[in-house]
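> sharing a sequence plus its predicted fold:
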Amino acid sequence: MKMFGAAALLLISFELLAYDSGIAVQIEKGTTMQVYVNGKLFNKQSGNFLRVRSTPGLFHLEVKVMNPWNKLWYVIKKDIRVEKGYEFQYKIVFVNRYKPELREVKKYPMYSKFFLNNNLYNKHPTA
């Protein structure tokens, strides 16, 4: 009987973990960015792609982007509402080669192969 209770508890904990959410930010190749979520820096080394696992809710996203044409840093701020069970993917696009914009590309369900691979996500908590 104890074995059944432990198995049920383990199954419930896996279901609770499956209902996480995520944020992915991507930029064009050859440019660099730094991503802050709720004021916390998430990539210590500048890169062109970042995934963050999170709980559902409202997040204050701030992205510092280096423009590849004039080599200046720009800051993009946006409030993002993340729904339960989805990964929201955003891409930074340069409009007229100068002004960067954060655009939502796609919303992936939580059961995608990327979401189940924990090594793809940043290890810092967002809360």
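Received the coordinates, thanks.
> nearest residue to Arg81 other than its sequence neighbours?
Excluding the flanking residues, the one nearest Arg81 by C-beta to C-beta, 6 or more residues apart in numbering is Leu58, at 5.3 Å. Placement of C-beta: from N, CA and C, glycine included.
> how many neighbours does that neighbour have?
For Leu58, the tally of surrounding residues (other C-beta atoms under 10 Å) stands at 9.
> quick one: contacts for Glu83?
If a contact means C-beta atoms under 8 Å, 6 or more residues apart in numbering, then Glu83 has Ser21, Pro56, Lys107 as its contacts.
> could you check how far it is from Tyr108?
11 Å (C-beta to C-beta, to the nearest Å).
> isn't Lys78 right next to Phe59, touching?
No. Applying C-beta atoms under 8 Å as the test, Lys78 and Phe59 come out as separate, 9.1 Å apart.
> more neighbours: these two, which one.
Counted by other C-beta under 10 Å, Lys78 and Phe59 do not tie: Phe59 has more neighbours, with 19 against 14.
> neighbouring contacts of the host helix or strand of the more buried one?
Using DSSP states H and E, the element containing Phe59 is strand 57-66. Outside strand 57-66, the residues that touch it by C-beta under 8 Å, 6+ apart are 23, 25, 27, 31-39, 46, 72-82, 90, 92, 100, 102, 126.
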